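Trainee: what's the 3D shape of this:
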Amino acid sequence: MNAAELIAKVPALPPPSASIIRLSQMLGSQNADTHAIIEVVRQDGVMSAKLLGRCNSAAYALRSPVNSIEHAVMVLGHREIHNLVVSAGFGSLLNSALSGYAISEGDLWRHSLITAHVAAAVCRIAKNIEIDPSVAYMAGLIHDIGKNVLSHALDQDMQTAIHELIQRQKYTFVEAEAQIVGTDHAAVGKTLLHSWGLPELLIEAVANHHAPLLTPTPQLSAVVHVADIIAHQVGASPGRDSFAVRANGDAVTALGLGLNDIDFLIASTADDAQKVKAMIR
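Mentor: Predicted structure coming up:
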């Protein structure tokens, strides 16, 4: 079964709101500025309310309440506001329990948020790629979105077969998915995001986060790959056998990262723990 056939057979996932689609299309655009971001958010009342609620949460410990989108941007900066908005926009999808993966409620959300934070940090220190950290954050956030679809197809027999391939034949999780189902969550995610009209930059990152594109220059998938591996290493590894991933050391080299950089990225996940905890409540 290919990705498109699988998506057609499972309950439809609600697409992200129009404001999230618009923000994703603005990512990396030379014409996008703080005022444009504010205007998109202001037009979405639900999103505005979620944003202000999170700005005023204990995670940020601001000295005075934030009462408007303009004030929020002034206090936290447009990149942080963008990250909060897209996190709120995808939260309901990524926070769900996924029985096909034995993922409990909140576990995929935690992994996705940590991956997003690390991906943004990678872009700030990598030497061989020029991608806005906000773009990397969104890519890291949604890299496993295909699991929300594929989970519906993974009955108990398939889950057992995947587990046996991983345990007995040392398959990675994505290899085992492809062997048993005929496709994997990265391919499903690619097809899903394309149907939603998200930018090709994000689609590439989701499609290739287990097999990053490194030549002639590293692509966004390389950033998300490194961030995903680090998220697993620090214990944010949701579901049965999800730890069965294979790190591509060439991605680290292609991004111009050294061992000290990796140590820094691992350590920095602790700094974001409070924000992640607040978001998954």
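
Trainee: For the closest residue in space to Lys190 that isn't next to it in sequence, grab phi and psi.
Mentor: In space, and not counting its chain neighbours, Lys190 is closest to Ala207: 3.7 Å by CB to CB, 6 or more residues apart in numbering. Using the backbone N, CA and C atoms, a C-beta is placed for each residue, glycine as well. Main-chain torsions, Ala207, degrees, to the nearest 10: phi -60, psi -30.

Trainee: Start at 7, not 1
Mentor: Yes, from this point I'll number from 7; that puts the last item at Ala213.

Trainee: wait, Ala213 sits on His191?
Mentor: No: using CB atoms under 8 Å, Ala213 is not in contact with His191, being 10.5 Å away.

Trainee: So for these two, which residue has more residues nearby?
Mentor: His191 (27 against 23; other CB atoms under 10 Å).

Trainee: Any chance of the backbone angles for the more buried one?
Mentor: phi -70, psi -30.

Trainee: Now do the same contact list for it.
Mentor: The contact partners of His191, taken as CB atoms under 8 Å, 6 or more residues apart in numbering, are Asp150, Gly152, Lys153, Val155, Leu156, Val180, Glu183.

Trainee: Please pick the buried ones from the residues you listed.
Mentor: Among the contacts of His191, those that count as buried by neighbour count (16 or more other CB atoms under 10 Å) are Asp150, Gly152, Lys153, Val155, Leu156, Val180, Glu183.

Trainee: any residues touching stretch 249-260, and which ones?
Mentor: With CB under 8 Å, 6+ apart as the test, stretch 249-260 has contacts from 134, 172, 177-180, 182, 216-218, 220, 223-224, 228, 231-232, 234-235, 238, 243, 268.

Trainee: Now stretch 170-188: buried residues?
Mentor: Leu171, Ile172, Tyr177, Thr178, Phe179, Val180, Glu181, Ala182, Glu183, Ala184, Ile186, Val187.

Trainee: Those residues in helices, which ones?
Mentor: Helix and strand membership here follows DSSP state H; of the buried residues of stretch 170-188, those in helices are Leu171, Ile172, Phe179, Val180, Glu181, Ala182, Glu183, Ala184, Ile186, Val187.

Trainee: how about those residues, which pair is most distant?
Mentor: Ile172 and Val187 (13.8 Å; CB to CB).

Trainee: Which strands and helices lie in contact with the helix or strand harbouring Ala233?
Mentor: In this assignment (DSSP states H and E), Ala233 forms part of helix 226-239. Where contact means 3 or more CB pairs under 8 Å, 6 or more residues apart in numbering; DSSP states H and E, helix 226-239 is packed against helix 113-131, helix 139-148, helix 206-213, helix 255-260, helix 265-277.

Trainee: Counting neighbours, what do you get for the closest residue to Ser30 other than its chain neighbours?
Mentor: Spatially, and ignoring its direct neighbours in sequence, Ser30 is nearest to Leu204 (5.2 Å; CB to CB, 6+ apart). Counted with other CB under 10 Å, the neighbours of Leu204 add up to 23.

Trainee: go on, the one 4 residues further on?
Mentor: Around Leu208 sit 26 other residues, with neighbours defined as other CB under 10 Å.

Trainee: what's it in contact with, if anything?
Mentor: Counting by CB under 8 Å, 6+ apart, Leu208 touches Ser30, Leu33, Val141, Met144, Ala145, Ile148, Leu199, Leu226.
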